[in-house]
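# Sequence plus the predicted model coming up.
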Amino acid sequence: MEPKYLWTGISIVFMWVAVGVVGAFGGNLVQEGLHDSTRIPVVVIVAALAVVATVFVARWGFRE
């Protein structure tokens, strides 16, 4: 196994570990209006960014 593939895999794993940590300990983004409020867990945004980062890292790290 080449070190490039190893470090690519480790990078992807730790991105998703970070998503798990944010999911366990992160808060909510809250927008309050006059009559209602909206709460979005921060992990939703972090996971969306992790998906994009995973695709990018995998394409660059696992290519020949």
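The structure has been received and is ready for your questions.
# can you pull out the helices in this protein?
Using DSSP state H, the helices of the chain run over 3-25, 42-61.
# Please identify the buried residues of the longest one?
Residues of helix 3-25 classed as buried by neighbour count (16 or more other CB atoms under 10 Å): 8, 12, 15, 19, 22. In short, each C-beta sits where N, CA and C put it, glycine included.
# again, but for stretch 39-49
Buried positions in stretch 39-49, judged by neighbour count with 16+ other CB under 10 Å: 43, 46-47.
# And the average pLDDT for it is what?
Summarised as a single mean, pLDDT over stretch 39-49 is 96.
# what does it contact?
Stretch 39-49 has contacts (CB atoms under 8 Å, 6 or more residues apart in numbering) with 18-19, 22-23, 26-30.
# go with 7 Å
For stretch 39-49, contacts defined as CB atoms under 7 Å, 6 or more residues apart in numbering pick out 19, 22-23, 26-30.
# Low-confidence bits of the protein, can you list those?
For the chain, no stretch is flagged by pLDDT under 70.
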